[in-house]
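K.L.:
got a structure for you, letters missing:
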C-alpha cells in the first residue's frame, strides 16, 4: 500500500488473519508506505518467514496490540 503524500491514509486491522499465495510466499504480507496511522489488533500474518511479515515506512503512528507472524519469525516486522 502506498499513500499519497498530500492525503495519507489511516489503516486499522482487527481480528484478521492474512496469508500469501505460495508463489509470493517470500514477500512481506503487508508492505505499507506514506501513511498517517497503522493500527493492528490481534492480527496474524503468514509468509515463509524468510522476510518480515510486516514492513512499514514513512508513517506517523504505528500501534500494535497483538501481532503473530507464522511461522515464528525472529524479525516479524520492520519499521522505518
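P.N.:
Structure's in. What do you need? The structure presented is a predicted model; accordingly, all values stated were derived computationally and were not measured.
K.L.:
can I take it that residue 69 is in a strand?
P.N.:
Yes - counting by DSSP: H, G, I helix; E, B strand; the rest coil, residue 69 is part of a strand.
K.L.:
what is the neighbour count of it?
P.N.:
20 (other Cβ atoms under 10 Å). C-beta coordinates here come from the backbone N, C-alpha and C atoms, glycine included.
K.L.:
the residue lying closest to it once chain neighbours are set aside: what's it in contact with?
P.N.:
Spatial nearest neighbour of residue 69, chain neighbours left out: residue 76 (3.5 Å); criterion: Cβ to Cβ, 6 or more residues apart in numbering. With contacts defined as Cβ atoms under 8 Å, 6 or more residues apart in numbering, the neighbours of residue 76 are 45, 52, 53, 54, 67, 69.
K.L.:
which pair in those spans the largest distance?
P.N.:
Using Cβ to Cβ, the two most remote members of the contacts of residue 76 are 52 and 67, lying 10.8 Å apart.
K.L.:
intersection of neighbour lists for these two?
P.N.:
By Cβ under 8 Å, 6+ apart, the residues touching both residue 52 and residue 67 are 76, 77.
K.L.:
who has more neighbours out of these two?
P.N.:
residue 52 (22 against 16).
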